[in-house]
Every structure is written in structure tokens, then in C-alpha cells.
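A.B. asks: Below are the sequence and a predicted model; questions follow.
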Amino acid sequence: MTTPRRSWTWRNWAQAEAEVASGEVHEHQQFELKRDNYGTSDSAKKELAKDVAALAIDGGTLVIGIEEDRNTGRAAGLAPVELAGQVERIQSVCFARIDPPLAITVTDVVNPSDPRTGLIVIDVPSSPFAPHQVDGRYLGRADRTVRPLSDSEVFRLHRLRDVSEDSILPDLERARRSAAALDMGASALTMAVAPLRAHRPELLRDELPSGNAWLASITDAAQDRLRAVNDGPLASLLMADPSFPFNTRSGVDTPSGFAFRYSTRDACDVYLEVAESGAITLSARNVTDWNADHREHPQYQKVILPNLAATYAALALATFSEIAERSGFGGIVGIALRLDGTLGVTPVRERRAGFWDPSVPYPDEHYQRVTSATTVELRGDLTPVMDRLCGRFFRALGLGDSLRQRPAGS
């Protein structure tokens, strides 16, 4: 029987203590344990860079401050290390020593008995630029050890850099089929977010049997995250309460995994499905509507609600990010958004804000955009990803660069 390739992403001391005590925590190709901090010598910095670079092919986690059984690779206990200055030093070493530089996330888990000490968790995404070099050598992992890659392996991995973002399109088509089956009309918003490198196709196998409670906690966390966005370009585009609208929410098992149906007035307004692979699809109605501009045009015109479209897109990204963090997935993510029935629509704000001025009718029957991101990007400010996904559409509506981030002071 193969041991599941799970990564443990601790965010508090009690959780780490309990899971290490369980005896289940162990090293594998995507998860490495270290007892002591890396030193400050040149050789120690090189070792740190090599350990991190080797994880970048498939993504993984390196945890410092765990005693391990060298024979079995299992965690034997917590061995808290000094935290002062370590996060910054690790990020600096990885930027300077790894070629090309690698974006990582480094967090500390504080020991409540001595807040000066704790664990250091280094999350390494599956890099679109892998493999990475340290001192002119390409590196990978062989289960629990770092090893140099052969020329043929480097060649194969370089070819994988050309993986097409279009591989997300079958998931987007699945979202469109769901919208049609639920009679969401010709103007639905559909979206898909999925790992581009499906090295763990059964990523959520253990979570989906408790689908209702599990997905509720995921979506609640995603909504809370967006409610906390109160400044910057994205804040001005989100709904006042960026959440899934519903009078009733029902969970249903599906052939791919598990889904929530968010319903109001006896109709499904939003359908969110999570597959065992970690892919999510979202289908929503009522992003476009017929409305009357009482200022100038008493007749009805077709409008789109940019705030609602942006909120649904951001909710899908935040939901996937929460799933990735809890499941230990780190890597490249394909993202696709489609809006149907857009010909001639003009933008309108939430009622509290009035109409956009000027408004420009959209010239095409639909808008579709495909992009990619890393899980590190999705954990941070979502504005750059949202700009790649929705920015072109908003510009075509005459809304300008609503999602462009400008340098401070500009």
C-alpha cells in the first residue's frame, strides 16, 4: 500500500504538536523536515537554496524545527528553533542563490511556551520555471533526498514549461454544462480554477466524504477573506457584502466530487462544484439584467453588474486558495472565466453607487479569458490575478484600468 503524499501546513502550535504526536507526519518527495536552522556560512546558505530549489518541480513544504527519525523519515517530536530574523534571511538566500529566483512563502509558528522560538514553514509552489539551478546545477528530489538532475530530465522539464493554459477549458465547459442543466439562461457567468499539473488527481479524496461541513468551512473562509478587503483597486469592485447569495444552500454529491447549490426564489443562482482533483467550477445567473436608466433613457437597456461579476470571480479564486492551503497543494493553477450574452451590455454599479459614466456597450456575444497563477499568488492580494482575468473586459466597457495597481505615490 502506498503512503498518501500529504503535506502538513501548520498555522498554529497546537495543531503541529498534535499531528506530530500522532506519528503520521513523515517526509516524502514533497515534504521535508529539518531539526535545526540553517547556518550563516556559505555552505549552509547553499544547502538551504538546494533544498528549496529541489521542491520547486512539484511544489512542497519544508519545515524547520522538527526532530525526525533518520531511518523512517517520520517526525519524532518538536524541536523549536530561534525565530528572530529567520523569515527574512531565508527569503533573501532563496532569491539570491536560486536561478531563476523562486517566489516562496515563509511563515513562523510560535511556541507559546517561549515566543522567541517555534517552527519555520517554507511553502514552495510548483514553479512554472522549474527546474531551478543552484551553483549551476539543476536539482530535484528522490523521495527524501535532494539529487542533481540528468540532462534528459532537464530537457523533459523544460518542455513541460510549455504546458498550455488551455488545459483548463474542459473544466470551463463542465461549468457551462452545469449552467445549462440548471436553466441559468443565455447570460450566465461560468468559471473554472484547477491545478495545471495534476500530480495528485485524488487531492481531495479524504475530504469529500464529509463534503457538506467541509465545503461550508471552505466557502465561509473565502467569504471572510473578501470581506476583509477594504482598500485598493479590488475593494472598489467587490459587492458591499462579497458572499454567495442564497435563501437555501443544499449540498449534493456529483460524479466529479461535491457541489453546493445556492438558491433564491426557487431557482439556483450559483452552483459551485469541487472535484476530487481539486478543480472547482462555478456557474452563476443574473450577472446581466434589463434595467432602466431613469436619468437619460426611460426605455430598458441590457446592463451588466461589474461588481457582481468581480465578486463571483474573486470568490472562486479565494475558495480554490483555501482548498489548496488545507490540502497542501502548491503549484500552478489554470483559471478560466466566461461571460455569455454580453453583446450590447453596459455597466452599472450597485444601486448605492449609481451608473458608471460614461458607459460603453460591449461589442461581442461573449467574453472569455484564460490565465494562470501560482498558489502563492492566490494566497496574497488577488488584484493582479483579477486584472489578468477581468481587466480586458472592464476596459472594453469603458471602466478604465479598474484593477491596475499603481506604485505608491504615483
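C.D. replies: Thanks, I have the structure now. From a predicted model like this one, the values you see are computed outputs, not experimental measurements.

A.B. asks: Mind listing the strands whichever strand or helix holds residue 119 pairs with, and their directions?
C.D. replies: For residue 119, the element it lies in under DSSP states H and E is strand 117-124. Strand 117-124 has its sheet partners listed here by DSSP bridges as strand 60-64 (antiparallel), strand 81-82 (antiparallel), strand 105-110 (antiparallel).

A.B. asks: Tell me the first helix or strand C-terminal of it.
C.D. replies: Taking DSSP H and E as the definition, the helix or strand that follows strand 117-124 towards the C-terminus is strand 133-134.

A.B. asks: Which strands border that following strand, and is each parallel or antiparallel?
C.D. replies: strand 98-99 (antiparallel), strand 137-142 (antiparallel).

A.B. asks: now it: how far from the chain's centre is it?
C.D. replies: The chain centroid and the centroid of strand 133-134 are separated by 27 Å under C-alpha atoms, centre = their mean, to the nearest Å.

A.B. asks: Which parts of the protein are helices?
C.D. replies: Listed in chain order, the helices found in the chain under DSSP state H are 13-21, 42-55, 86-97, 151-160, 169-181, 211-227, 233-237, 306-327, 375-379, 383-396.

A.B. asks: on that earlier part again, report the buried residues of the strand holding residue 119.
C.D. replies: Of the residues in strand 117-124, those scored as buried under the neighbour-count criterion (16 or more other C-beta atoms under 10 Å) are 117, 118, 119, 120, 121, 122, 123, 124. Any C-beta I mention is one placed from the backbone N, CA and C, and that applies to glycine too.

A.B. asks: want to throw the residues you listed into JSON lines with distance to residue 286 and pLDDT?
C.D. replies: Converted to JSON lines, these look like this (distance: C-beta to C-beta, whole Å; pLDDT from 0 to 100):
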{"residue": "117", "distance to residue 286": "52", "pLDDT": "96"}
{"residue": "118", "distance to residue 286": "47", "pLDDT": "95"}
{"residue": "119", "distance to residue 286": "46", "pLDDT": "96"}
{"residue": "120", "distance to residue 286": "46", "pLDDT": "95"}
{"residue": "121", "distance to residue 286": "41", "pLDDT": "93"}
{"residue": "122", "distance to residue 286": "43", "pLDDT": "93"}
{"residue": "123", "distance to residue 286": "37", "pLDDT": "89"}
{"residue": "124", "distance to residue 286": "41", "pLDDT": "88"}
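
A.B. asks: what's the closest of the residues you listed to residue 8?
C.D. replies: Distance to residue 8 across the buried residues of strand 117-124 (C-beta to C-beta) is lowest for residue 121, with 8.9 Å.

A.B. asks: Enumerate every residue touching that closest one.
C.D. replies: With contacts defined as C-beta atoms under 8 Å, 6 or more residues apart in numbering, the neighbours of residue 121 are 9, 10, 61, 62, 63, 106, 107, 108, 109.

A.B. asks: switch to 7 Å and redo it
C.D. replies: Contacts for residue 121 were tallied using C-beta atoms under 7 Å, 6 or more residues apart in numbering; they are 9, 10, 61, 63, 107, 109.
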